[in-house]
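Engineer: Here is the input, now give the coordinates:
(2 chains)
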There are 2 protein chains.
Amino acid sequence: MRLSLACFAKPILHGYFRSSCSWRVRIAFALKGVEYDQLPVNLIKDGGQQLTEEYKALNPMQQVPAVEIDGTTLSQSLAVIQYIDETRPGPRLLPADPKARAQVRMISDLIASGIQPLQNLYVIQKIGAEKMQWSQHFIDRGFQALEPILKQTAGKYCVGDEISMADICLVPQVYNAERFKVDVGKYPTIKRLNEALLEIEAFQVSHPSRQPDTPDDLRA
Amino acid sequence: MRLSLACFAKPILHGYFRSSCSWRVRIAFALKGVEYDQLPVNLIKDGGQQLTEEYKALNPMQQVPAVEIDGTTLSQSLAVIQYIDETRPGPRLLPADPKARAQVRMISDLIASGIQPLQNLYVIQKIGAEKMQWSQHFIDRGFQALEPILKQTAGKYCVGDEISMADICLVPQVYNAERFKVDVGKYPTIKRLNEALLEIEAFQVSHPSRQPDTPDDLRA
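Structural biologist: Purely as a prediction, here's the structure:
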């Protein structure tokens, strides 16, 4: 008789329905077909539940997401996504070819380091009254760079015809852009890719409008 | 008779001596023992040489570094470093074990997405007069999170006893912290790791004080 090693506990995602970095992880889980539990962290309520000592022990950056998985706790969405990719079966989230992998990481990092951090809640809270203009400026700046890159790399999706981590980063960033009233129509490749990706079930079930902590008035 | 496939052109790094993201790539090349050429992009002179149309064609984000390698042009330092790691022999820059790899990426992204973008030149130019305080605030915030994480993951280096991409990100970020007068002594693990890493040749030859474009008064 052999013991089954497949008997792992389900991963737990500590996230927030509207956090774009939490959404990235939800898409990755959905694409891989991994079941997980969600423990919502409300970034607004009680002055921000991510600021409690309890949550700080999970993620000292006091940001979402944090993921408990395989007996460890990880933060930083791209690190989590690549861990999921490297340890779970299902469609790969990074292509096999090293140049295509580099393109996927370049696009992902352009969003994850070049755009998202500048319109993150803890930054715009410090900006104060001008937060709308500030966020628009940096999202537009990033999209102006992303558009010509995607024009070169994209097929059906961000890099060729396979869904990848780049797509996982793109869709939540476009959602943020729309929240900050950026005219996404100025970026035809970004717009086309976003629309194609939103047709896919993994992007739909993970959408901010359909999470356990989505308020009723924002629910799809 | 067989043609040698090892006859590649040397990679070209478009960078700036003091840019922490350029330094990351220089460390990776040095650790791997890869020879490369440097084409300096002066971020200050002429209002910023990264803003020219010529450079924009290399990196639409108008930031350094951009790297021409194997017939393609890549930007985003962590994408470049992982491409170098996956295509060049020499010591690996990410560990073999998936959990350790995830820790390396988590630490790298905490710095590359959570700290560096907020004290980047194009951001602090927008902040104006308060740029010193602003930068200190976000570096301190990041180091307060990084310190307890490193306390758990570090051995001789950031993750265990092997040099990795996390170390490549740490040292240039500490250099930035010192430029912005952050008291690094408050973070004993960060301080210890930084000192140990600065003993290593790859971190020395790549140092901002020793580059082709280092001004004479800053040269070591």
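Engineer: what's the helix or strand for residue A:63?
Structural biologist: Using DSSP states H and E, residue A:63 is not contained in any helix or strand.
Engineer: Could you report the separation of it from chain B?
Structural biologist: Applying Cβ to the nearest Cβ, to the nearest Å, the value for residue A:63 to chain B is 8 Å. Using the backbone N, CA and C atoms, a C-beta is placed for each residue, glycine as well.
Engineer: per-residue confidence for residue A:4?
Structural biologist: pLDDT, residue A:4: 44.
Engineer: do the same with residue A:23
Structural biologist: Residue A:23 is given a pLDDT of 98.
Engineer: What residues of stretch A:102-111 count as buried?
Structural biologist: The neighbour-count check on stretch A:102-111 (16 or more other Cβ atoms under 10 Å in any protein chain shown) flags A:102, A:103, A:104, A:105, A:106, A:107, A:108, A:109, A:110, A:111 as buried.
Engineer: In strands only, show me those residues.
Structural biologist: In strands, judged by DSSP state E, none of the buried residues of stretch A:102-111 are found.
Engineer: Pipe those residues into a markdown table and attach distance to chain B and pLDDT per row.
Structural biologist: As requested, these are exported to a markdown table (distance: Cβ to the nearest Cβ, whole Å; pLDDT from 0 to 100):
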| residue | distance to chain B | pLDDT |
| --- | --- | --- |
| A:102 | 4 | 98 |
| A:103 | 8 | 98 |
| A:104 | 8 | 98 |
| A:105 | 4 | 98 |
| A:106 | 4 | 98 |
| A:107 | 8 | 98 |
| A:108 | 8 | 98 |
| A:109 | 4 | 98 |
| A:110 | 6 | 98 |
| A:111 | 10 | 98 |
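Engineer: Out of those residues, which is nearest to residue B:219?
Structural biologist: Comparing the buried residues of stretch A:102-111 against residue B:219 with Cβ to Cβ places residue A:109 closest, at 31.2 Å.
Engineer: Would you check how far apart that closest one and residue A:72 are?
Structural biologist: 23 Å (Cβ to Cβ, to the nearest Å).
Engineer: Looking only at residue counts, what's the top helix in chain A?
Structural biologist: Among the segments of chain A that qualify as a helix by DSSP state H, the longest is helix A:131-153.
Engineer: Quick check: next helix or strand after it?
Structural biologist: helix A:165-179.
Engineer: What is that following helix packed up against?
Structural biologist: helix A:20-32, helix A:77-87, helix A:98-114, helix A:131-153, helix A:188-197 (3 or more Cβ pairs under 8 Å, 6 or more residues apart in numbering or on different chains; DSSP states H and E).
Engineer: Out of those helices, which is closest to residue B:84?
Structural biologist: Of all these, helix A:98-114 comes closest under Cβ to Cβ, at 9.3 Å.
Engineer: residues touching residue A:117, list them.
Structural biologist: Applying Cβ atoms under 8 Å, 6 or more residues apart in numbering or on different chains, we find residue A:117 in contact with A:123, B:113, B:114, B:117, B:118.
Engineer: where does residue A:220 land on pLDDT?
Structural biologist: 86.
Engineer: For it, give its distance to chain B.
Structural biologist: 29 Å.
Engineer: Next one: that residue relative to residue A:209, how far apart?
Structural biologist: 4 Å.
Engineer: Which residue of the two possesses the greater neighbour count?
Structural biologist: residue A:209 (13 against 8; other Cβ atoms under 10 Å in any protein chain shown).
Engineer: May I have the residues that are in contact with the residue positioned nearest the centre of chain A?
Structural biologist: Centroid check for chain A by Cα atoms, centre = their mean gives residue A:24 as the closest residue, at 2.2 Å. Contact partners of residue A:24, counting by Cβ under 8 Å, 6+ apart, are A:77, A:78, A:81, A:168, A:169, A:172.
Engineer: Closest one of these to chain B?
Structural biologist: residue A:78 (5.6 Å; Cβ to the nearest Cβ).
Engineer: Now do the SS call for residue A:74.
Structural biologist: strand (DSSP: H, G, I helix; E, B strand; the rest coil).
Engineer: does it have beta-bridge partners, and which?
Structural biologist: Per DSSP bridges, the residues bridged to residue A:74 are residue A:67.
Engineer: Please name the residues that touch it.
Structural biologist: So residue A:74 contacts A:66, A:67, A:80, A:83, B:102, B:103, B:106 (Cβ under 8 Å, 6+ apart).
Engineer: again with residue A:59
Structural biologist: Contacts of residue A:59 (Cβ under 8 Å, 6+ apart): A:14, A:50, A:65, A:66, A:73, A:75, B:145.
Engineer: buried subset of the residues you listed?
Structural biologist: Applying 16+ other Cβ under 10 Å to the contacts of residue A:59 flags A:14, A:50, A:65, A:66, A:75, B:145 as buried.
Engineer: From these, which one has the minimum pLDDT?
Structural biologist: On pLDDT alone, residue A:50 ranks lowest of these, at 94.
Engineer: Confirm for me that it is in contact with residue A:43.
Structural biologist: Yes: under the criterion of Cβ atoms under 8 Å, residue A:50 makes contact with residue A:43 at 5.8 Å.
Engineer: so what sits against both of these two?
Structural biologist: With Cβ under 8 Å, 6+ apart as the test, residue A:50 and residue A:43 both reach residue A:64.
Engineer: how much space between the residue nearest to residue A:98 when sequence neighbours are not counted and residue A:89?
Structural biologist: The shortest distance from residue A:98 to any non-neighbouring residue, by Cβ to Cβ, 6 or more residues apart in numbering or on different chains, is to residue B:86 (4.8 Å). As for residue B:86, its distance to residue A:89 is 21 Å (criterion: Cβ to Cβ).
Engineer: Neighbour count for those two, which is higher?
Structural biologist: The neighbour comparison of residue B:86 against residue A:89 (other Cβ under 10 Å) goes to residue B:86, with 14 against 8.
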